[in-house]
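>>> Okay, predicted coordinates and the sequence, questions at the end:
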2 protein chains.
Amino acid sequence: MSAPNRATLHARVLVDELAKTGVSSVCVAPGSRSTPLTVAADAHPDLVVFSHLDERSASFFALGRAKRAGDPVALVCTSGTAAANFHPAVIEASQARVPLVALTADRPPELRDSGANQTIDQEKLYGDAVRYYDDLPEPAVEDRTLRSLRVRVDRAVTAATGTHPGPVHLNVPFAKPLEPTAVPDDSPHAVPEGWADDHPLAARGRDGPFVATTAGRMALDESALAALSEAITNAERGLLVAGPTDRGYAPALVALAEASGFPILADPLSGLRYGPHTADVPVYGAYDGYLDERVTAAWPAPDVVVRTGASPTSKPLRRYLAREGARQFVVDPAGEWREATFRATDLVTADPGLLAVELAERLDTESADWPGFERAERVHAAEVTAAEGRFEGAIARRVVADAPDPATLVVSNSMPVRDVDRFAAPRDAALTVLGNRGASGIDGITSTALGAGSATDEPLVLLIGDLAYYHDANGLLALERCGVDATIVLVNNDGGGIFHMLPIEAFDPPFEGQFRTPHGLDFAPTAALYGFDYVRVGAGDDFADAYRASLASDGTQVIEVTSDAERSHRTRESIRERVVARLDE
Amino acid sequence: MSAPNRATLHARVLVDELAKTGVSSVCVAPGSRSTPLTVAADAHPDLVVFSHLDERSASFFALGRAKRAGDPVALVCTSGTAAANFHPAVIEASQARVPLVALTADRPPELRDSGANQTIDQEKLYGDAVRYYDDLPEPAVEDRTLRSLRVRVDRAVTAATGTHPGPVHLNVPFAKPLEPTAVPDDSPHAVPEGWADDHPLAARGRDGPFVATTAGRMALDESALAALSEAITNAERGLLVAGPTDRGYAPALVALAEASGFPILADPLSGLRYGPHTADVPVYGAYDGYLDERVTAAWPAPDVVVRTGASPTSKPLRRYLAREGARQFVVDPAGEWREATFRATDLVTADPGLLAVELAERLDTESADWPGFERAERVHAAEVTAAEGRFEGAIARRVVADAPDPATLVVSNSMPVRDVDRFAAPRDAALTVLGNRGASGIDGITSTALGAGSATDEPLVLLIGDLAYYHDANGLLALERCGVDATIVLVNNDGGGIFHMLPIEAFDPPFEGQFRTPHGLDFAPTAALYGFDYVRVGAGDDFADAYRASLASDGTQVIEVTSDAERSHRTRESIRERVVARLDE
């Protein structure tokens, strides 16, 4: 049996090659022009298809799933503005290095820029945010064409998953018929004789990828490794700084920490703040709460800093690193310069995992202790514990501290990720903490979380602010539609609490109306809309109880914690001041 | 008094120049990097500021407001993915020729591509979808710099409102301080002496635009006009085809219809289907329901067709025009070729309003009657009236037929606009009917409607399908936040009813799961979420009663009409078949 028409065969081959190169799931938003792709994805035995109704949420779901799974996820949409709705997630994927394969259906070339309905200029729609772009040729069925198609798909997936992973974009034109409708043999859309499904190039005629990719990793040569290990060996006092990344470099970096004696300053999104290794090597996580010139003036300065991942979430940490004048090695597999204080002294283009293992094998040093960090972490923990009840930081702390082991936690931007950064201490538990710190937008985080949840059997927790909850409320549809359960902790301070941290707070108007922007929304009806339990908790232990109860339950619960942003901000400030004052004594 | 720092002064000047060139409103989404723009907009006495929390909804609100008002609307957002959320509306604005001024705040150049937080590549973010793009220089305060800034703003607004109106994009970098905070005199961010607010180039030192723009309109010369009027005069039988446009060409085109004797085939979004002129010249609006080869085979063919606006919504009309081999004049002020059947014989680059008036003055012809159209419209109306009760087309018909005079109606894509096209007959009432037919996306229509409503005191009606309602549910926040009331008619057929029109209906799976995609959502909780009345109506006259009651009430009501998409589709088909059969007799 062969495909009933060219578009059907073309899409079957394209989708089959995706599956053969390691794509195992596709997020689809319904549409007409994309019919061949949707039909092919739905029919493919090796693909899971998630159906979404809002392309923006679809793309963030794909992002979250790809982050958690570490595998590329494909996206399918119809022509027109649908494709533009992928743009925010494509940018986030680019900056966070998450492999996505965006397939946007398009009109055939003769209808572009013609006034035809739902036809926009989709060429290079995502600009430089994608690692590979191709405007595929129209479906045609001949040996070279289908070889070319399979090769292009292989190239796209290879680019998405390479040394500099990220999104890729295939624009896919289709003429009618779009459906798997038989056409007459003499139709230009007919599949010629001999292209049965078991043809080596056709839909089900292959095992494995058409072109197998064997990808190297960036590795330093012996002399470069020797120079680096010498610098580390000669350092009196060093630090490893682990910034946000979704790559699995943690074991190697722990080995490096052990071999070098350098403690790890671990961003919550680095994969290093939480895990069994925290019992074995010094991992510091409260630095956002105490790094201050008054404190660190008395400390010995680090002479070597080794940085991996993106720029840390913590501004006090970034400032500390900028101040201390150490030799700073920024390790990046893609050779990007992600260090915006411009204090890096050395860029190391190398795979951080590989490099860390190689260095660990060469090192056998004793680095000096860091009594300053040790004490500061203790003092900070004590002051946080002593602080009055339920400010937002305490919620963030508890969300992490009481999370099951293992669990996947997703945190929204703006205050939640900052509160987790400052208040959620390292823990000997297999917690995967994810956030969208590529572009640090407030958008799409619910979908990101549910996408991540779809890729794991672990309990899923989302810590989210009210603006982020509103922004991606559409993402909640995936709970039922994609079969994901979650515990969602919604910290509701009725507006942009983060603006209390900024000088604009002193200017009202426009502070209330244009920055804090209280919305007065009661989010409880979202529970009836999307089908989950909703609890609003008051003071004291209510949150802890509700959180535990949710973690022990099936289904999804939203636990809303109403909060006063200004009071929370003052509490954060006063804890920091007390910590700094004690450390400055 | 002068501005406390350069960023503040720069933004004040920019925003002041916007106001001086005819921008009267700004849609703002809160953010930090955009603080100088937000503060300046909020403080400007001639600007209305609408605050939104989702940039996607903000941009579609701006689109709707600009469509209804005919004036450019500005948009402000912070750096990062916020700006990408404008992309769908920017594309729609480009294709529908709606003037928008997108102002995206950015990091200063030295922080770009550095790994700095919330910093993405915003240069040419919207590609070719904008009429003007500029990456503004950093704030500096000197004579030439501020002259340049005012000129750039003037250029942007002129481009947005010119012969080919549409969106423009100014990327605006700011370094800290972003707030109106005083800085020391020797700071590089200080405003030098002599730049008090009443300085001729500073914030409040000017009346009128810095450079006044006098824009011509595309006008034909005498010989071209003579040739065109000769073609029309010599035509035995002609048609005017008015496609979607938001420009006010209606009176001129009516004059042309009167002078030429050509009837008008009026798209519901053309500005010509509804209005007092429908009592004076033949305006046909049901053609989508009867144009069919079996019917028109017996009709005399038109020998001249004059087309204005974008491609008509009706596919039967497009096919009819493609079939008949007439001389087809496509009139477009921007000289675009919006005719995707490639049957145009003449492109006329001229302002349609000006051209129609010029031609009307030169013409004094008797065009032959169109008994075919006359009879077909009557037969269609009779069959629709006779059809069983409440299918979706009857709802669309009643929404228009019972709308107050005047009123602003907004219709969503997919089925609602097609049902209005086919079933909502011409009416002698001042109805402004708007839809997003530029790119024909399903996104952003609630925001578009509320934006349109914000620009008029007329009653506002939105006819919307369930997928569109879900897609832009965030837009409902503008009801309270931006002070707009509406009657929202939500036709809920639980999924993509339009797919019943397409051949994919015959293939299940994947039809139900990937195309019709029932969501099972009960939308009633959106009323509690966003604060309005919600009525769900059953069969018979319930809808008419609820619709009348809503139109007579203050506040916002959502009237949900539950509908069976498949049955509605069969009813549409059977009416069409009966109409065609009767006309084919």
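That came in fine, so what should we check first? Numbers count the residues shown, from 1 in each chain, chains lettered A, B, ... in the order given.
>>> what about the stretch 201-350 of chain A, any weak spots by pLDDT?
Scanning the stretch 201-350 of chain A for pLDDT under 70 picks out the ranges A:205.
>>> for it, what spans make up the helices?
A:222-234, A:250-260, A:293-296, A:315-323 (DSSP state H, counting those that start in this stretch).
>>> Single out the most deeply packed of the ones you listed.
Highest mean neighbour count among the helices of the stretch 201-350 of chain A (mean count of other CB atoms under 10 Å in any protein chain shown): helix A:250-260, with a mean of 22. Backbone N, C-alpha and C define where each C-beta goes, glycine included.
>>> residue contacts, the residue of the stretch 1-150 of chain A found nearest chain B?
Ranked by CB to the nearest CB, the top residue of the stretch 1-150 of chain A for proximity to chain B is A:G115, at 2.9 Å. Contacts for A:G115 (CB atoms under 8 Å, 6 or more residues apart in numbering or on different chains) come out as B:310-311, B:336-340.
>>> List only buried entries from those residues.
Neighbour-count burial (16 or more other CB atoms under 10 Å in any protein chain shown) applied to the contacts of A:G115 gives B:310-311, B:336, B:338-340.
>>> List just the nearest of these to A:S94.
B:E336 (32.4 Å; CB to CB).
>>> how about the contacts of A:G115 in JSON lines, adding distance to A:F373?
Converted to JSON lines, the contacts of A:G115 look like this (distance: CB to CB, whole Å):
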{"residue": "B:A310", "distance to A:F373": "65"}
{"residue": "B:S311", "distance to A:F373": "67"}
{"residue": "B:E336", "distance to A:F373": "64"}
{"residue": "B:W337", "distance to A:F373": "68"}
{"residue": "B:R338", "distance to A:F373": "66"}
{"residue": "B:E339", "distance to A:F373": "70"}
{"residue": "B:A340", "distance to A:F373": "66"}
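>>> can you list the helices of the stretch 201-350 of chain A in JSON lines and add distance to A:G127?
Listed next are these as JSON lines, based on distance: least, CB to CB, whole Å:
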{"stretch": "helix A:222-234", "distance to A:G127": "34"}
{"stretch": "helix A:250-260", "distance to A:G127": "33"}
{"stretch": "helix A:293-296", "distance to A:G127": "40"}
{"stretch": "helix A:315-323", "distance to A:G127": "28"}
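>>> Can you tell me which of those is nearest to B:A266?
Nearest to B:A266, of these and by CB to CB, is helix A:315-323 at 59.2 Å.
>>> isn't A:D421 right next to A:K315, touching?
No - contact criterion CB atoms under 8 Å: A:D421 and A:K315 do not qualify, at 9.7 Å.
>>> overlap in contacts of these two?
In contact with both A:D421 and A:K315: A:D288, using CB under 8 Å, 6+ apart.
>>> dump the residue contacts of the closest residue to chain B within the stretch 201-350 of chain A.
Using CB to the nearest CB, the closest approach of the stretch 201-350 of chain A to chain B is made by A:R338 at 2.9 Å. Shown in contact with A:R338 (CB under 8 Å, 6+ apart): A:243, A:310-311, A:330, A:332, B:114-115.
>>> ok, so of those, who is nearest B:R536?
A:A310 (48.8 Å).
>>> Flag the shaky bits of chain A, pLDDT-wise.
For chain A, the ranges with pLDDT under 70 are A:1, A:205, A:388, A:539-540.
>>> Can you give me the domain boundaries for it?
Following automatic domain parsing, chain A resolves into domains at A:6-173, A:222-374, A:387-584.
>>> just these: most buried one?
Note that of the domains of chain A, domain A:6-173 is the most buried (mean count of other CB under 10 Å), with a mean of 24.
>>> which helix is the longest one in chain A?
Counting by DSSP state H, the longest helix found in chain A is helix A:565-584.
>>> Is any residue of stretch A:267-278 near chain B?
No - figure legend: stretch A:267-278 not in contact with chain B (CB under 8 Å from any CB of the partner chain); closest approach 12.3 Å.
>>> Dump that stretch to PDB, restricted to CA.
The C-alpha trace of stretch A:267-278 is given here as PDB (Å, rounded to 0.1, in the frame of the first residue of the first chain):
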ATOM      1  CA  ASP A 267      22.100  28.200  41.500                       C
ATOM      2  CA  PRO A 268      18.700  26.500  42.200                       C
ATOM      3  CA  LEU A 269      18.500  25.800  38.500                       C
ATOM      4  CA  SER A 270      22.000  24.400  38.200                       C
ATOM      5  CA  GLY A 271      21.200  20.800  39.000                       C
ATOM      6  CA  LEU A 272      23.700  21.100  41.800                       C
ATOM      7  CA  ARG A 273      21.900  22.600  44.700                       C
ATOM      8  CA  TYR A 274      19.900  19.500  45.500                       C
ATOM      9  CA  GLY A 275      21.000  15.900  45.500                       C
ATOM     10  CA  PRO A 276      22.900  13.300  47.500                       C
ATOM     11  CA  HIS A 277      26.200  15.000  46.800                       C
ATOM     12  CA  THR A 278      25.200  17.800  49.100                       C
END
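>>> Relative to chain B, which residue of the stretch 151-300 of chain A is the closest?
For the stretch 151-300 of chain A, CB to the nearest CB, closest residue to chain B: A:E179, 4.3 Å.
>>> Write out the residues of the stretch 1-150 of chain A neighbouring chain B.
Counting by CB under 8 Å from any CB, the residues of the stretch 1-150 of chain A near chain B are A:28, A:30, A:32, A:35, A:38-39, A:42-43, A:49, A:51, A:53-56, A:80-82, A:84-85, A:87-88, A:90-92, A:95, A:111, A:113-121, A:124-125, A:127-129.
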